[in-house]
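> Kindly generate the corresponding structure for this input.
(chains A and B)
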2 protein chains.
Amino acid sequence: MALIVQKYGGSSVKDLERIQAVAARVKQTCEEGNQVVVVVSARGGVTNRLVADAKTLHEQPDDREMDMLLSIGEQETIALTSIALHAIGQPAVSRTGAQAGIVTDSVHTKARLIDISGGDIPQQLNDGKVVIVAGFQGMNETGQITTLGRGGSDLSAIALAAALKADICQIYTDVDGVYTADPRVVPNARKLPEIAYEEMLELASLGSKVMQSRAVEFANKHDVPFEVRNSYNNNPGTIVKADITLEDVVVRGVACDKNQTKVVVSELPDQPGAAAKVFQDLSDAKVNVDMIVQNLGRDGIANLTFTVASDEAYKAEKAVTECLGKLGRGKVDLADRMAKVSVVGIGMRSHSGVASKMFTALAENGINIQLISTSEIKISVAVDLEKADDAVRVIHTSFDLDKE
Amino acid sequence: MALIVQKYGGSSVKDLERIQAVAARVKQTCEEGNQVVVVVSARGGVTNRLVADAKTLHEQPDDREMDMLLSIGEQETIALTSIALHAIGQPAVSRTGAQAGIVTDSVHTKARLIDISGGDIPQQLNDGKVVIVAGFQGMNETGQITTLGRGGSDLSAIALAAALKADICQIYTDVDGVYTADPRVVPNARKLPEIAYEEMLELASLGSKVMQSRAVEFANKHDVPFEVRNSYNNNPGTIVKADITLEDVVVRGVACDKNQTKVVVSELPDQPGAAAKVFQDLSDAKVNVDMIVQNLGRDGIANLTFTVASDEAYKAEKAVTECLGKLGRGKVDLADRMAKVSVVGIGMRSHSGVASKMFTALAENGINIQLISTSEIKISVAVDLEKADDAVRVIHTSFDLDKE
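Numbering: from 1, shown residues only, chains lettered A, B, ... in the order given. Now for the predicted structure:
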């Protein structure tokens, strides 16, 4: 008998019919001889409605009260899912995050996990019940309700799977799994049967919206294999785990993030630490800087170019302007929005030639590279926004990702 | 400095504007130098919507899961009310029933209070905060969420007022207070400045819908004075307490319950215990029997007439039919729906002549009395439904209730 944790997101429980579909799948999983723990999100649209109500009352509602408010979304879903299971004869019981022993720190709206006891879940499972747990939420050590921030339900599911020593964790969403590229951009993109945690992490942080990084990081750290599946069909999904068996795959997929803005800082004094000061002030302003290029110009004048997420561009501009004021020299410009296109694969660690193949393919298709950044298992380039989809297709073909 | 518990029902918090109005009144109460604990219900309509969702999934949803589901209604209101108070500069913090230390037994959907600690409410009040508590809900001793059943938020407020030794408890609703009769039936009915617990109890159980009996019973038992007020204006309400100062008031008000059905059991064997068996079986079937008349007919044949709440009439008929089958004799008929008209007043304990004045007034106006029941502080008569409003007006006038 296997223990399976299944997580269903907001689109999978958005109305009563979808909740009934979830219940049917859970019951089926039980009838196949498994014990099942279900983690659910708020019904699609509920969280946005609650946020809108709060913002109507107060421009910046208190974080603790937002957690009190938003946690009702998952609480609604667990009760309804449990009732839907009862209706088809499957014993089930619901548990809030607090009741499932999900203990966090006190940073409301983006709490970090401290401990997961699972509460009485093992006992309920042994009594033949499915246990439905509210994702996204927990409580701090004084009993206050907390939430884990965006993507928190994925984290709840993976952390519960770790705490309960589940055999597998299934993340149900509205896509069939992880693809070699976005199928809307690359029609012959293939669904990957398997992918390594680190690859999934790079894809998550690179704009592939299947899962948030935090949940994948947790799975990586605690080695919790999980499968990304579609709640609307029975297709096999993508299994995410530590070691993957496929040989000779250097590049696993191509990701694209169209939400980047290029920031150009010019005429910076070429004195030791000037660039460091700029990045320190950006960090103090909580701006994440991505790709960076520094040029030393003539006459001791340095230029600095980097990208930031577009919704942080004005915050970045403000921080740099203030910094340049203190340095006594330099100016800052926000350039156009850019796209960051990346190839990801753990095989890169032991293979060379990936960068040159990528750059050649882009050059042959007349796509200019504006910035470059690399890690052990990825290479990213910034290109013009209007060239982004072309770049993805060209790279996808050049690495034969459309072939089995 | 006084400690005031204010309770706002579903119609008082039905939308964001009403929640802002509640926040304004709470802040005003603080500015008058008081500490304030607020107990709120679910927003009007929310509970009905959740019940409808659950019943779509399951004809008889599980009680424990219903408590999990319905408790989110109050949790939404406490968070929004707290945020509305922050918006006007009033420090405030929300507490679920469990967080406020409201401990109940485990009878889900109609739990009984076991203990109220108040949690950290006194500390929060001393820190200058308003504390917003979710009404209607608590938790049992194993941490499961429970609800107190219909009218539970009134009970939460009064029980919290007792636990916190509040100076007064204000129950905000959408009427100005308790009247000598329903103003829609008797245009010159007067709002009562004061009323005794026991009178309020009789009025609550007699169809005056201002408050449920359980909350009034609790207030009576623990001597918690409270005031029924209108959340839509600043009029003084009706104070409900143990001893009231007005002298010489024999009859406080006239109540009318139009939801009664007369049950006639005829040709019952006149053997010892036959009537007792009928009432025992009705009690086993959880039917509350109200007014009762037994006639011994000729030839040892007895008739029994009583009233039940109309929505229990068929359950009553079924229980009596089965009982008569066992007794081997007798038949049962459901007669027309009736109205029960009652006069209530603790002054009746020391005054005679109330019944004769009431019966005379009805007789002079051609209204037939079908059944009579009395308690120490009330006299009730059953009359034809279409004569009910007339009966209320005639009695109201005969006791001079329209005069100060």
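> Which helix or strand contains A:T29?
helix A:16-31 (DSSP states H and E).
> what sits up against that helix?
A:4, A:6, A:8, A:11-13, A:36, A:38, A:40, A:77, A:80-81, A:84-85, A:87-90, A:92, A:130, A:172, A:231, B:53, B:56-57 (CB atoms under 8 Å, 6 or more residues apart in numbering or on different chains). C-beta here means a position set from N, CA and C on the backbone, and glycine is covered the same way.
> strands paired with the helix or strand bottoming out on mean pLDDT in chain A, and their directions?
Every helix and strand in chain A was compared by mean pLDDT, DSSP states H and E; the lowest is strand A:289-296, with a mean of 82. The pairing partners recorded for strand A:289-296 under DSSP bridges are strand A:301-309 (antiparallel).
> next SSE after the strand it pairs with?
helix A:313-327.
> List the buried residues of that following helix.
A:A313, A:A316, A:E317, A:A319, A:V320, A:C323, A:L324, A:L327 (16 or more other CB atoms under 10 Å in any protein chain shown).
> ok, these vs chain B, which is closest?
Nearest to chain B among the buried residues of helix A:313-327, counting by CB to the nearest CB, is A:A319 at 28.8 Å.
> how about the nearest residue to that closest one, chain neighbours excluded?
The spatial neighbour of A:A319 that comes closest, neighbours along the chain excluded (CB to CB, 6 or more residues apart in numbering or on different chains), is A:A285 at 3.9 Å.
> A:N259 - that's part of a strand, no?
Yes: per DSSP: H, G, I helix; E, B strand; the rest coil, A:N259 lies within a strand segment.
> Touching, it and A:S310? I think so.
Yes: the pair A:N259 / A:S310 is scored as a contact, 4.9 Å apart, by CB atoms under 8 Å.
> For the two, list the residues in contact with both.
A:R337.
> now the strands for the stretch 251-400 of chain A?
A:253-269, A:289-296, A:301-309, A:331-344, A:371-375, A:378-384 (DSSP state E, counting those that start in this stretch).
> how far away is A:P225 from A:D154?
The gap separating A:P225 from A:D154 is 14 Å, by CB to CB, to the nearest Å.
> which of those two has more neighbours?
A:D154 (31 against 17; other CB atoms under 10 Å in any protein chain shown).
> give me the number of residues near the closest residue to the more buried one other than its chain neighbours?
In space, and not counting its chain neighbours, A:D154 is closest to A:A215: 3.6 Å by CB to CB, 6+ apart. With neighbours defined by other CB under 10 Å, the count for A:A215 comes to 27.
> A:A215 is in what secondary structure piece?
Assigned by DSSP H and E, A:A215 falls in helix A:213-222.
> which other residues reach the helix or strand just after that helix?
Next helix or strand after helix A:213-222 toward the C-terminus (DSSP H and E): strand A:226-230. For strand A:226-230, contacts defined as CB under 8 Å, 6+ apart pick out A:157-158, A:161, A:168-178, A:210-211, A:219, A:235-241.
> Return the distance of A:M200 relative to A:V178.
On the measure of CB to CB, A:M200 and A:V178 end up 7 Å apart.
> more crowded one of these two?
A:M200 (29 against 24).
> Now do the contacts for that one.
Per CB under 8 Å, 6+ apart, neighbours of A:M200: A:V178, A:M211, A:V216, A:V240.
> Isn't the first one up against A:P193?
No: using CB under 8 Å as the test, A:V178 is too far from A:P193 to be in contact (9.6 Å).
> Give me the common contacts of these two.
With CB under 8 Å, 6+ apart, A:V178 and A:P193 have common neighbours A:T238.
> what does chain A put close to chain B?
Proximity of chain A to chain B, by CB under 8 Å from any CB of the partner chain, involves residues A:16, A:19-20, A:50, A:53-54, A:56-58, A:61-62, A:64-66, A:68-69, A:71-72, A:75-76, A:78-80, A:82-84, A:86-87, A:93-94, A:96, A:99, A:143-145.
> Now A:F359: closest residue in space that isn't a chain neighbour?
A:I369 (6.5 Å).
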